[in-house]
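**Q** Provide a 3D model corresponding to the input given below.
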Amino acid sequence: MNGDLILRAMLIGVGATAAMDLWALFLRRMFGIPSLDYAWVGRWLLHFGHGRFAHENIAKAAPISGEAILGWCAHYAIGIAFAALLLALGGAGWAQHPTPLPALTIGLLTVAFPFFIMQPAFGFGIAASRTPKPAISRQRSLMAHFSFGVGLYLSALLLALVFA
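**A** You can find the predicted model right below:
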């Protein structure tokens, strides 16, 4: 991946992740729907250093100093990595003339990460199966990742206009 695509991946990833966060903020402010506490992501990652990957319930795991900042940084780094994947698959042509379908597809496919890695490791089961309302949790995850896909497309479109 050349320098231009790396820069685009970083900017598109940050933009798409910010779109996801704005969607979560909208849901919280308008409907009182909570989103993932990214400190839990940091807690999960920091517990790796103690040899612990999976938890009975991440919310009850021992907090570790710096978990919130690490969680938020990881959230944005993961967004950048998924944007890089999109650009690796779509190439410079897609980056210069973005279309919605590849971005939305990648956005929706990224839901596999929480469904099959993070939620089980947090103690929430595969695809939130151990949460009080699994169907609602799944729907929220899908919508969050759809908003990420929308953010991928809109960020790429904005960059294509700026770099034109």
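
**Q** could I get the full set of helices for the chain?
**A** Along the chain, the stretches classed as helices by DSSP state H are 3-31, 38-48, 67-96, 100-109, 112-113, 119-122, 134-162.

**Q** buried sites along the second one?
**A** Spelled out, it's helix 38-48. By neighbour count on 16 or more other C-beta atoms under 10 Å, the buried set for helix 38-48 is 38, 39, 40, 41, 42, 43, 44, 45, 46, 47. In this view, the C-beta of every residue, glycine as well, is placed from N, C-alpha and C.

**Q** again, but for the longest one
**A** Neighbour-count burial for helix 67-96, with 16+ other C-beta under 10 Å as criterion, is recorded at 67-68, 70-72, 75-76, 78-80, 82-84, 86-87, 90, 94-95.

**Q** what's that helix packed up against?
**A** Where contact means 3 or more C-beta pairs under 8 Å, 6 or more residues apart in numbering; DSSP states H and E, helix 67-96 is packed against helix 3-31, helix 38-48, helix 100-109, helix 134-162.

**Q** mind redoing it with 6 Å?
**A** In terms of contacts (3 or more C-beta pairs under 6 Å, 6 or more residues apart in numbering; DSSP states H and E), helix 67-96 is packed against helix 3-31, helix 38-48.

**Q** now the last one
**A** Counting contacts by 3+ C-beta pairs under 6 Å, 6+ apart, the secondary-structure elements packed against helix 134-162 are helix 3-31, helix 100-109.

**Q** can you check the fourth one too?
**A** Contacts defined by 3+ C-beta pairs under 6 Å, 6+ apart place helix 100-109 against helix 134-162.

**Q** thanks a lot, catch you later.
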